[in-house]
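A.B. asks: Attaching a predicted model along with its sequence, questions to come.
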Amino acid sequence: MSTVAVETLDAIVVGAGFSGLYQLHTLRDQLGLSVKLLEAGNGVGGTWYWNRYPGARCDSESHSYAYYFSEELLQEWTWSERYPGQAEILRYLNHVADRFELKRDIRFGARVSQASYDAAANRWQVRTEAGETYRARFLITAVGCLSSANIPDIPGLESFAGAWYHTGQWPHQGVDFAGKRVGMIGTGSTGIQAAPVIAASAQHLTVFQRTANYSIPARNAPLDEEFKLWARDNTSRIREVMHGTPNGHPFVIEDRSAHDVTPEQRQAIYEAAWEKGGLQFRAAFRDLLTDQAANDTASEFLRSKIGEIVKDPGTAAKLAAIDHPFATKRPPIDTNYFETFNRDNVTLVDVRATPIERITPDGLMTRDGTLYPLDIIVFATGFDAMTGPLLKMDIRGDGGVSLRDAWHAGPITYLGLQTPGFPNLFTITGPGSPSVLCNMPVAIEQHVDWITDCIRDMRARGLTRIEATPEATQRWVEHVNEAANATLLPKAGHSWYLGANIPGKPRVFMPYAGGMARYRATCADVAARNYEGFARTA
Ligand code: NA7
């Protein structure tokens, strides 16, 4: 008779990206818990472990895309460019993992397939695809918001004679585009980053655009010594700014309306923001995301820039035919995206006008019968965002209820941290929290700190079980909806914020749009009121 060893721990963390690494550190090194981190990949990095596509780079500025919990860590790490590239972020996260000796408690190559709550024992039992089983009082998911690749179900893909890749599952050895006819589907942040880099080495690049998109030049560049010194000397100030703004970025949103200035002044403000580059463009006026007329001024400015850059009027018109207000879909920032369409080896195909019909052995065919011969297809088609990575695991709470069933009409959480019926399960940057509307490390540190403080407090009081109450959860879900509806964000009807990019997914605005600073205060208040809205028992 064989017995299967079951490791029993205080806490299990799933995912070794920014969230999981920090959560492992706090629970193990601050609270002294026994913790195991289960990670599907063979290294740390999460998003940055998987997304190795050409041009992969963060859109947060590097001095803000870092942990701020350790001053020593801040002082010993120096970023090289204004925006960190994928390889540099991966080096950083490996540095963090090594510095805090995290890898010894990480099980790599362990993809969690199932997690179920055992009410009698008040423990979670977690199983990996390889059949390993772990038990723990607390289960904390740190699986990221954009980690479940969306590969559209296009007929004929299996017949394609060339190679195809999703940007979020990119081969570690890279892809050689030299001499190849490449088709890229998707013009979100990823496609917009990848297109110029692919075009530089491919024989030909055809970009299949379903929804035209705004993009602002990133103006990426190496950081000079003066800035590096400034960033190192001003960590407290930078943290203060990031914690004080709605989006967690290290810049302040101007306290003026787009209507407070003359059209000439507005144009000059937008020109300056365009020259400066990056997500800061959104900070030019405080009402760009709340007032349609204000937003229209930014949208018009950005559309006119496309017309100035792109030489072929037909292509420019297709690129500028944007159907949603600026920044209601996640706004990309780029390096030479629109300029790429001036190259002789790049073609734009409007697949809103002429949808993709099928993939054949030779390439991609649109509904009008045109075949685009291809050697490589790149799917820059995004992710089953926020709920996808959680629902991919078969999570079962009290009474065997599955999270999939509990969320059949859309995610229901209290503060994005817990779901009723799933005691002792915490979801870092879960739906209903600011998450993707915020500079991620800021959102992550706040969640990890809150969860750590909560568990510390429970242990001090001899409590072992915490569960969000249905009443508090319902109020929070309503508040999340109100917060979204107070902005223009739901106006992009096809955005992944709403789940609209995945066929059959419930259309619910998932992230909390009330702002990170306000959310942080709410969470602190809940904790100060003895974890109001949570039932905690011995
Ligand atoms: P996004 O932003 O979801 O973009 C995916 C793109 O792929 C978008 O242009 C989609 O068009 C397009 N898409 C998806 N499915 C199809 C099909 N079936 N046919 C044609 N086009 C399709 O993902 P990204 O990876 O670019 O960015 C995700 C986030 O990562 C980003 O916001 C940053 O936060 C980092 P659609 O707009 O749905 O019409």
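C.D. replies: In hand now; what should we look at?
A.B. asks: what about G430, distance to Y414?
C.D. replies: Separation of G430 from Y414 (Cβ to Cβ, to the nearest Å) stands at 10 Å. Just so you know, the C-beta spots here come from the backbone N, C-alpha and C atoms, and that holds for glycine as well.
A.B. asks: Revised request: answer the last question for L73.
C.D. replies: 31 Å.
A.B. asks: returning to what we had before: tell me which of G430 and Y414 has more neighbours.
C.D. replies: G430 (27 against 24; other Cβ atoms under 10 Å).
A.B. asks: Not counting residues beside it along the chain, what's closest to the more buried one?
C.D. replies: G416 (4.2 Å; Cβ to Cβ, 6 or more residues apart in numbering).
A.B. asks: for the ligand, what are the nearby residues on the stretch 1-150 of the chain?
C.D. replies: L146 (Cβ under 6 Å from any ligand atom).
A.B. asks: So, low pLDDT: which residues of the stretch 1-150 of the chain?
C.D. replies: Scanning the stretch 1-150 of the chain with the threshold set as pLDDT under 70 gives 1-4.
A.B. asks: Please enumerate the strands of it.
C.D. replies: Remark: strands assigned in the stretch 1-150 of the chain by DSSP state E, counting those that start in this stretch are 6-14, 35-38, 106-107, 112-118, 123-128, 133-141.
A.B. asks: swap in the stretch 251-400 of the chain?
C.D. replies: Under DSSP E, counting those that start in this stretch, the stretch 251-400 of the chain gives strands at 333-334, 346-350, 356-359, 363-366, 371-373, 376-379, 394-396.
A.B. asks: Adding mean pLDDT and mean neighbour count, write these out as TSV.
C.D. replies: Shown next, in TSV, are these (pLDDT from 0 to 100; neighbours: other Cβ atoms under 10 Å):
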stretch	mean pLDDT	mean neighbour count
strand 333-334	98	24
strand 346-350	98	19
strand 356-359	98	18
strand 363-366	98	20
strand 371-373	98	15
strand 376-379	98	24
strand 394-396	98	21
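A.B. asks: between those, which gets nearest to Y165?
C.D. replies: The closest of the strands of the stretch 251-400 of the chain to Y165 is strand 376-379. By Cβ to Cβ, the value is 5.8 Å.
A.B. asks: Which neighbouring elements make contact with the closest one?
C.D. replies: For strand 376-379, the elements it packs on are strand 163-166, strand 181-185, judged by 3 or more Cβ pairs under 8 Å, 6 or more residues apart in numbering; DSSP states H and E.
A.B. asks: again, only using 10 Å
C.D. replies: Counting contacts by 3 or more Cβ pairs under 10 Å, 6 or more residues apart in numbering; DSSP states H and E, strand 376-379 packs against strand 163-166, strand 181-185, helix 189-201, strand 204-209.
A.B. asks: In JSON lines, list those along with distance to E264 and mean neighbour count.
C.D. replies: Formatted as JSON lines, the helices and strands packed on strand 376-379 follow (distance: least, Cβ to Cβ, whole Å; neighbours: other Cβ atoms under 10 Å):
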{"stretch": "strand 163-166", "distance to E264": "46", "mean neighbour count": "17"}
{"stretch": "strand 181-185", "distance to E264": "39", "mean neighbour count": "25"}
{"stretch": "helix 189-201", "distance to E264": "30", "mean neighbour count": "23"}
{"stretch": "strand 204-209", "distance to E264": "33", "mean neighbour count": "24"}
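A.B. asks: With mean pLDDT as new columns, can these be given to me in JSON lines?
C.D. replies: Formatted as JSON lines, the helices and strands packed on strand 376-379 follow (pLDDT from 0 to 100):
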{"stretch": "strand 163-166", "mean pLDDT": "98"}
{"stretch": "strand 181-185", "mean pLDDT": "98"}
{"stretch": "helix 189-201", "mean pLDDT": "98"}
{"stretch": "strand 204-209", "mean pLDDT": "98"}
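A.B. asks: Please identify the buried residues of stretch 115-135?
C.D. replies: 115-117, 123-128, 132, 134-135 (16 or more other Cβ atoms under 10 Å).
A.B. asks: hang on, I meant stretch 406-421
C.D. replies: 406-407, 410-421.
A.B. asks: Same question for stretch 75-90.
C.D. replies: 77, 79, 81-86, 88-90.
A.B. asks: Could you give the number of residues near D405?
C.D. replies: 11.
A.B. asks: Which strand or helix spans it?
C.D. replies: helix 403-406 (DSSP states H and E).
A.B. asks: Let me see the mean pLDDT of that helix.
C.D. replies: Helix 403-406 comes out with an average pLDDT of 98.
A.B. asks: what sits up against that helix?
C.D. replies: 115, 141, 387, 390-397, 411-413, 419-422, 425, 427 (Cβ atoms under 10 Å, 6 or more residues apart in numbering).
A.B. asks: near the ligand at all, the longest helix belonging to the chain?
C.D. replies: Scanning the chain for the helix with the most residues, using DSSP state H, yields helix 440-460. No: if you take Cβ under 6 Å from any ligand atom as the test, helix 440-460 misses the ligand, and the best it gets is 8.6 Å.
A.B. asks: packing partners for that helix?
C.D. replies: Using 3+ Cβ pairs under 10 Å, 6+ apart, helix 440-460 is in contact with strand 6-14, helix 18-25, strand 133-141, helix 235-244, strand 425-427, strand 465-468, helix 516-528, strand 534-537.
A.B. asks: For the stretch 201-350 of the chain, what lies in contact range of the ligand?
C.D. replies: Residues of the stretch 201-350 of the chain lying near the ligand (Cβ under 6 Å from any ligand atom): 208, 210-211, 330.
A.B. asks: Kindly recompute the last result at 8 Å.
C.D. replies: 208-211, 213, 329-330, 332 (Cβ under 8 Å from any ligand atom).
A.B. asks: re earlier: buried sites along the longest helix of the chain?
C.D. replies: 440-455, 458.
A.B. asks: hang on, F160 packs against G363?
C.D. replies: Yes: with contact defined as Cβ atoms under 10 Å, F160 counts as touching G363 (8.0 Å).
A.B. asks: picking that back up, which of the residues of the stretch 201-350 of the chain next to the ligand has the largest number of neighbours?
C.D. replies: F208 leads those on contacts (other Cβ under 10 Å) with 26 neighbours.
A.B. asks: which one is R256 nearest to, not counting chain neighbours?
C.D. replies: F285 (5.9 Å).
A.B. asks: Give me the domain ranges for the protein.
C.D. replies: Domain ranges of the chain: 6-148+385-537, 150-213+332-382, 253-330, per automatic domain parsing.
A.B. asks: want to throw these into CSV with distance to N247?
C.D. replies: As requested, the domains of the chain are exported to CSV (distance: least, Cβ to Cβ, whole Å):
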stretch, distance to N247
domain 6-148+385-537, 5
domain 150-213+332-382, 14
domain 253-330, 8
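A.B. asks: Distance of the residue of the stretch 151-300 of the chain found nearest the ligand relative to P152?
C.D. replies: Nearest residue of the stretch 151-300 of the chain to the ligand: G188, at 2.2 Å (Cβ to the nearest ligand atom). Computed as Cβ to Cβ, the G188 to P152 distance reads 13 Å.
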